[in-house]
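Colleague: predicted model and sequence follow; I will ask about them next.
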Amino acid sequence: RRTPFGSTHPKRDLTSNGNDFSGKSFDYIVVGGGLAGLTVASRLSEDPSVSVAVIEAGSSGYEANEKFVIPAANLYDSSVGTQYDWQWKTVPQAGLNGREAPWPRGKVLGGSSAINGLYYVRASKREHDSWAAMVDAPEIWGWDNMLRAMKKSEIFTPPTSDVLDVVDIPYDASSHGSQGNIHVSWPGKTYPAVQAFVDSAANMGTPKSQNPNNGESWGTFVATSIINPSNWTRSFSRTGYLDPYTYRPNLHVLTGHQVTKVLFDTSDAASGNVVATGVQYAASASDSVKTVSASREVILSGGAINSPALLQLSGIADAGLLAGLDIDVVVDLPGVGYHVQDHLSTGVTWSPNDNNMAPARLTGDAETDSYVNSAISYVNLTTLFGNYSQTLISNVRDNMSSAVNGLSAPSSVKAGYNATYSAQVNDIFNSPIGPIELLFAMSFGSVQVQAALQHPLSRGSILIGSSNPFDSPRIDPGYLSNPTDMEILRAGFKLARQVGNAAPLSNHVSTETSPGSSVSTDAEWDTWIRNTVGTEYHPSCSCSMLPRELGGVVDKNLKVYGTKNLRVIDSSVPPISLSAHLMAATWGIAEIGAEMILAEKNGQTYQGSGGSTSSGSSSSSSKPSSTSTTSSPGATSSGSGSASSGASSTASPVLQAPFGSILALAVVGVGAICFA
Ligand SMILES: Cc1cc2nc3c(=O)[nH]c(=O)nc-3n(C[C@H](O)[C@H](O)[C@H](O)COP(=O)(O)OP(=O)(O)OC[C@H]3O[C@@H](n4cnc5c(N)ncnc54)[C@H](O)[C@@H]3O)c2cc1C
């Protein structure tokens, strides 16, 4: 097979030679070959009439394949801390007694889905509907369309009978997809202590969930994992969305090169129609900068840290920030990098009183090594606080404006904080949704019940500190800056301890080793929490989908405000943190984003699950140009309710469109790192 680059190449065009893209033009450029980026690129390239280029900063990962495909999730023999991890750190956090918290992110094809803890957990209908209401787009971002999109990406397999002999796992196969790209199942090995956790958490007030994947995501259950049960390997965006398409000549992937800037035609900027024309990229700070063009769109899928940073480097951010860094303003968009929310967690740890534990090292037996610490419990406010929960909610409501005023952010962002606080208080806290997740873990010979804050009221930011794209951005999640977060998290750890000490789990543990008996008063818990907690690896909201006047970065069509053809499609776009692990929603976002793009290309209006598609007002050739009649900033898209062709369709109004188409209990000193 001849490649567009002229050489004989047996496979899809996968190169690490920057010259192969230099000076070329593609219809679509996807920045970042991570979870969302590969999903989008794969779906777009199902249309043979378009050319798609992916630029990934990390390597392909094929050179160390076992590292990615052998999960070993409970041992966390993963790539965190290696060359496959960006190895970000927060700035010192006052809420963590001045500590800097590590923020790993995947830097390899597959992105963080290549290095993460495998939990596949959906958020609730209520959270997705709340998000959709904020952008008045229930048909696109509400539960029905998100569920359809999440199912589209999925190949579900029930648990094995061996596993069901040990642990009760109710499931409803109709809540899952069967013809998608990512295997979703349960590991081949489990242990009686897992069932004991489920029973103890239920005994302590959080009943077992019968079907957490169907919009009622609260309760106690053994979560699914991204695991291929035919060989017990990790199923992630590279194996699901790239590897199978070896001979797709319109899909081109460049690895080992970081996109340093998006390039624009600003001739029509006054009418809000800045046009992305391509990107610059380089292998390192000392490499020569190269350019590649996009004739239709540039799509940012760099993840929750890199996407806002790249927008800022490219001149789309708060004008005040850019002025201080000597970066020309392309679009004054104050929300870029604000609204940051993250899950914060650690665990109460015991020595085991059980010989039948997950092994403390890899055994070499794939089925045994597939065990994932995925028993979890989403606990609501009433279970945590009893009657006091209503007082807590009233307090948050009463203190909302002073909390917002106390935050440092541009004024439109503060207006957005009011909106997202209201959503949290009215839609989430006052519901069965869990603001705390408990996670059961057996790793390295210890037993742990972790607690993780799911709906933080603290707000943070990710802002570049220099115009050098190879410098780390300033990551400030503002951990525990809102005192209610500490109140909820403290209650979560107290409950974690109670669950471990409640029968039947109490039969599987002996001495509590951390925090131990010296911690029992609120003040002692708070000190321990500040000295111990870290990220649960779910930062989001840094390119929030909100109205522009609320500090939004993308509109309901994932388009960056002020631009005609620049989208962000990744985990940075949810406007509120979700009570779930982030992958499931991110695959949903990516599937919907690809549908939107193909719809717009075909001149139709994307209507999600809200109805059938209709012809849009744009011409069928919607290549950006200053005369095109397609979208204006913040306006509805001229795209269309699309569908992707391909193997993974799931029946829905959208798909009838005419053109169819760990926990690594790496216990370090007193600390523990939870991988989830
Ligand atoms: C250690 C860890 C454990 C986790 N555990 C779980 C879990 O068990 N379950 C779960 O649901 N979620 C988990 N997560 C979170 C989940 O993996 C992420 O939320 C998800 O992968 C985000 O997808 P994304 O597409 O937004 O970003 P990513 O998957 O991180 O992909 C972004 C990609 O873009 C590339 N990139 C960035 N900037 C540039 C640039 N300028 N130029 C070129 N390339 C660029 C990156 O190298 C990366 O490959 C975990 C995350 C981590 C780090």
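Modeller: It's in.

Colleague: for burial, what's the neighbour tally of Asp328?
Modeller: 10 (other C-beta atoms under 10 Å). To be clear about C-beta, it is placed using only N, CA and C from the backbone, and glycine gets the same treatment.

Colleague: quick one: it and Ala317 touch, right?
Modeller: No: if you go by C-beta atoms under 8 Å, Asp328 and Ala317 don't touch, sitting 11.2 Å apart.

Colleague: any idea how far the closest residue to Ala360 other than its chain neighbours lies from the ligand?
Modeller: Leaving aside its sequence neighbours, Ala360 sits nearest to Gly445 (C-beta to C-beta, 6 or more residues apart in numbering; 4.6 Å). Distance of Gly445 to the ligand, computed by C-beta to the nearest ligand atom, to the nearest Å: 21 Å.

Colleague: mind listing what Gly445 touches?
Modeller: Gly445 makes contact with 352, 357, 360 under the criterion C-beta atoms under 8 Å, 6 or more residues apart in numbering.

Colleague: and the residue of this structure that's closest to the ligand?
Modeller: Using C-beta to the nearest ligand atom, the single residue of the chain nearest to the ligand is Gly34, 1.7 Å away.

Colleague: ramachandran angles for that residue?
Modeller: phi -100, psi -150 (degrees, to the nearest 10).

Colleague: circling back: pLDDT at the residue nearest to Ala360, what is it?
Modeller: Looking at Gly445, its pLDDT stands at 83.

Colleague: again with the one 5 residues further on
Modeller: Reading off the per-residue confidence, Gln450 sits at a pLDDT of 98.

Colleague: cool, His538 as well?
Modeller: His538 is given a pLDDT of 98.

Colleague: neighbours of Leu313, just the number please.
Modeller: Neighbours of Leu313 (other C-beta under 10 Å): 25.

Colleague: A helix includes Phe493, no?
Modeller: Yes: assessed with DSSP: H, G, I helix; E, B strand; the rest coil, Phe493 lies in a helix.

Colleague: contacting residues around the closest residue in space to it that isn't next to it in sequence?
Modeller: Leaving aside its chain neighbours, Phe493 sits nearest to Ala451 (4.9 Å; criterion: C-beta to C-beta, 6+ apart). Residues counted as contacts of Ala451 (C-beta under 8 Å, 6+ apart) are 345-348, 436-439, 489, 492-493, 495-496.

Colleague: same thing but at 7 Å, please
Modeller: 345, 436, 438, 489, 492-493, 496 (C-beta atoms under 7 Å, 6 or more residues apart in numbering).

Colleague: now narrow the contacts of Gly445 to whatever sits close to the ligand.
Modeller: The subset of the contacts of Gly445 within reach of the ligand, counting by C-beta under 6 Å from any ligand atom, is empty.

Colleague: did I read that right, Trp528 in a helix?
Modeller: Yes: assignment of Trp528 by three-state DSSP places it within a helix.

Colleague: does Val69 really touch Trp232, like I thought?
Modeller: No: here Val69 does not reach Trp232: they are 9.5 Å apart, not a contact under C-beta atoms under 7 Å.

Colleague: Thr255: which of the contacts of Gly445 is nearest?
Modeller: The closest of those to Thr255 turns out to be Ala360 (C-beta to C-beta; 34.5 Å).

Colleague: run a quick neighbour tally on the closest one.
Modeller: Quick note: Ala360 (other C-beta under 10 Å) scores 13 neighbours.

Colleague: what pLDDT does the model give it?
Modeller: For Ala360, pLDDT reads 79.

Colleague: what parts of the stretch 251-400 of the chain come near the ligand?
Modeller: 258-259, 301-304, 306, 310.

Colleague: show the buried residues in those residues.
Modeller: Using 16 or more other C-beta atoms under 10 Å as the burial test, those include 258-259, 301-304, 306, 310 as buried.

Colleague: and the next helix or strand past the host helix or strand of Thr382?
Modeller: If you go by DSSP states H and E, Thr382 is part of helix 381-385. Next helix or strand after helix 381-385 toward the C-terminus (DSSP H and E): helix 388-398.

Colleague: packing partners of the helix or strand just after that following helix?
Modeller: Moving toward the C-terminus from helix 388-398, the next helix or strand (DSSP H and E) is helix 400-405. Packing partners of helix 400-405 (3 or more C-beta pairs under 7 Å, 6 or more residues apart in numbering; DSSP states H and E): helix 411-423.

Colleague: give me the buried positions along stretch 202-216.
Modeller: 202-206, 208-209, 212-216.

Colleague: the lengthiest strand in the chain pairs with which strands, and in what direction?
Modeller: For the chain, the longest strand by residue count, based on DSSP state E, is strand 290-300. Strand pairing for strand 290-300, using DSSP bridges, gives strand 25-31 (parallel), strand 275-282 (antiparallel), strand 566-568 (parallel).

Colleague: show me the helices in the stretch 251-400 of the chain, by range?
Modeller: 303-313, 319-325, 366-369, 381-385, 388-398, 400-405 (DSSP state H, counting those that start in this stretch).

Colleague: what about the third one, average pLDDT?
Modeller: For helix 366-369, mean pLDDT rounds to 89.

Colleague: just to revisit the earlier point, mind putting the strands paired with strand 290-300 in CSV, mean pLDDT included?
Modeller: Formatted as CSV, those follow (pLDDT from 0 to 100):
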stretch, mean pLDDT
strand 25-31, 98
strand 275-282, 98
strand 566-568, 98
